[in-house]
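Chemist: what follows is a predicted protein model with its sequence.
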Amino acid sequence: MRIDVEIATPDDAVTALRADEADIALAFNMKPQRDVHVLWTDDLPLHCIAAPRHPIAGRKEVKLATVRDHAIAVQSPALAIRRILEAHHGWIFSENRPPVVTDSLQLLKQRVLSGSHVALTSELDTAQELLDGTLVAIPVKGLTIGQQTISLGISARRPLPLIATKVADLLAKDVVGILSEVRARETKA
């Protein structure tokens with residue numbers, strides 16, 4: 001038995017499924033397609049992620065205009081959430097100081113952990129830091145765009161090998177568990 005794990009953009013993950021180069025894909029904003037079957041999906045509301053000592057951290061919720069008053073670290077346009085935000089709220093990337101743009105989640109988190117920047121992303125991207133209390137997540141309110149999602153998909157054109165079925169089940173349970181832990185912590189805060 002061999003399990004290979006590859007990190008790819010959400011678009012590339014779906015392409016790999018469609019090309020039979022992958023058995024399962026865990027991806028953000030996966031849309032059901034004729035040859036891709038979505039086994040599980042969950043909504044990921046947009047959050048402003050900040051260090052606990054950041055001035056914005058004490059808020060219960062925040063609007064984009066308030067977030068834009070602070071230095072922002074954002075993900076690259078290779079990710080759907082960035083493209084969605086840019087299409088509907090492009091002003092957050094062009095007004096005030098320019099954001100730090102990166103395709104590295106680690107760099108994004110480092111900027112936020114330092115207290116110099118905030119980030120617009122989901123609670124899943126920063127789950128470990130939210131659980132250990134080194135970052136906080138503030139829900140972004142007043143958006144006119146749909147929520148980001150996380151989905152587990154398989155090829156609809158061929159049967160899933162038994163081991164891949166077991167891995168898919170475990171993966172879905174792990175993500176559900178992590179999101180439940182993070183959301184339970186957020187409710188207590």
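Modeler: Yep, it's here.
Chemist: how is this structure divided into domains?
Modeler: 10-43+148-188, 46-141 (automatic domain parsing).
Chemist: how distant is the first one from the center of its chain?
Modeler: Its chain's C-alpha centre and that of domain 10-43+148-188 lie 13 Å apart, by CA atoms, centre = their mean, to the nearest Å.
Chemist: how far does it stretch from one end to the other?
Modeler: End-to-end span of domain 10-43+148-188 (CA to CA, to the nearest Å): 32 Å.
Chemist: what about that domain, average pLDDT?
Modeler: Across domain 10-43+148-188, the average pLDDT comes to 90.
Chemist: same deal with the longest one?
Modeler: Computed over domain 46-141, the mean pLDDT rounds to 89.
Chemist: which ones are touching the residue lying closest to residue 32 once chain neighbours are set aside?
Modeler: Using CB to CB, 6 or more residues apart in numbering and skipping residues adjacent in sequence, the residue nearest residue 32 is residue 38, 5.0 Å away. In this view, the C-beta of every residue, glycine as well, is placed from N, C-alpha and C. Applying CB atoms under 8 Å, 6 or more residues apart in numbering to residue 38 gives the contacts 30, 32, 151, 152, 153.
Chemist: also residue 152?
Modeler: Applying CB under 8 Å, 6+ apart to residue 152 gives the contacts 24, 25, 26, 38, 39, 40, 41, 168, 171, 172, 175.
Chemist: stretch 130-144: which residues count as buried?
Modeler: The neighbour-count check on stretch 130-144 (16 or more other CB atoms under 10 Å) flags 130, 135, 136, 137, 138, 140, 143 as buried.
Chemist: where exactly do the helices run in the chain?
Modeler: Applying DSSP state H to the chain gives helices spanning 10-18, 64-67, 80-89, 91-94, 105-113, 127-132, 162-188.
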